[in-house]
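Q: Mind looking at a prediction? Sequence and model below.
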Amino acid sequence: MEAVPMSEATILVVEDEASISEVVSLYLKRAGYQVLCVSDGQAALQTLDRQLPDLVVLDLMLPRVDGLSVTRWLRDKSDVPIIMLTARREEADRIAGLEMGADDYVVKPFSPQELVSRVRAVLRRSQAPSQPGQEKPLVFEDLTVDPATRLTTVLGNEVELTVKEFDLLWLLASHPRQVFTRDQLLERVWGLSDFIDPSTVTVHVRRLREKIETDSSHPIHIQTVWGVGYKFEP
Ligand code: CA
């Protein structure tokens, strides 16, 4: 993935509440991003169909086409980072969104500055320049994980991981048998553990298992250490 200078990153904001959309747009522009705003899901799909931004800030409750449908549609065609805007009561939708591959979320009411920090963190991860030669690919019997290309294969077939799924797999697999607590994983992979629901880790582990394990209900590599967290078994 090519690194794009932060100042040139384009962010699509999909939000039907004009007051939120305006303040989010203002803060993102101040932070140096190009911002595009649309106010319903259908307009979002039309815009995304023409051109993909570097990141999408996506409200879940939207007129015409809801945020989860937009997430599903977008994940079918791209791994462009998605940060969801959700209401506190929308926990089920939030988890569904993470399961579909959204990268992060903030709960309304949120501080615009917090959202900008999330945007910056997610973009930093998705645009992290690869450093070939510094870290070598990890090769296991059925699985390879290459940090330079961010490519993962299972039995020789490439599997598509989101930014967070890859970061989580890399952290676990590069420390075989080391047990990480959910809090440690949140801190190392997500960075802002204070703001993120610990169930985020559970959701990502489940999706990762579905993608890399032969039988995700009897995982071999990503093992649960009951009462503690997770570890990677080579
Ligand atoms: Ca809304």
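A: Yes, it's here.
Q: which residues sit in contact with the most centrally placed residue in the chain?
A: Centroid check for the chain by CA atoms, centre = their mean gives Asp103 as the closest residue, at 2.0 Å. The contact partners of Asp103, taken as CB atoms under 8 Å, 6 or more residues apart in numbering, are 81-83, 122, 126, 162-164. (Glycine included, C-beta is placed from N, CA and C.)
Q: Please apply the same query to Ser216.
A: Here Ser216 is in contact with 206, 209-210 (CB under 8 Å, 6+ apart).
Q: Determine how far stretch 214-231 lies from the middle of the whole chain.
A: Distance of stretch 214-231 from the chain centroid (CA atoms, centre = their mean, to the nearest Å) equals 21 Å.
Q: So what's the model's average confidence on that stretch?
A: In this model, stretch 214-231 carries a mean pLDDT of 91.
Q: going forward, begin numbering at 53 instead of 1
A: Fine by me, first position is 53 from now on; the one you just mentioned is stretch 266-283.
Q: Next, the distance between the ends of it.
A: Terminal residues of stretch 266-283 are spaced 17 Å apart (CA to CA, to the nearest Å).
Q: hang on, the earlier thing: quick check: of the contacts of Ser268, which lies closest to the ion?
A: Distance ranking of the contacts of Ser268 against the ion, using CB to the ion, places Arg258 first at 27.4 Å.
Q: part of a helix, is that closest one?
A: Yes. Counting by DSSP: H, G, I helix; E, B strand; the rest coil, Arg258 is located in a helix.
Q: That one: neighbour count?
A: Arg258: 15 surrounding residues under other CB atoms under 10 Å.
Q: for it, what are its contacts?
A: Applying CB under 8 Å, 6+ apart, the residues contacting Arg258 are 151, 268.
Q: what's the answer for Pro189, then?
A: 196-200.
Q: could you redo the last one with a cut-off of 7 Å?
A: Pro189 sits next to 196-198 when contact means CB atoms under 7 Å, 6 or more residues apart in numbering.
Q: Tell me the most packed of those, by neighbour count.
A: Going by other CB under 10 Å, Val197 tops the contacts of Pro189 with 21 neighbours.
Q: I'd say it and Glu187 touch.
A: No. Here Val197 lies out of contact with Glu187, judged by CB atoms under 7 Å, at a distance of 10.0 Å.
Q: Tell me how many other residues surround the closest residue to Glu212 other than its chain neighbours.
A: Leaving aside its chain neighbours, Glu212 sits nearest to Asp131 (6.9 Å; criterion: CB to CB, 6 or more residues apart in numbering). The local packing of Asp131 (other CB under 10 Å) involves 19 other residues.
Q: next one: Glu60
A: For Glu60, using other CB under 10 Å, the count is 10.
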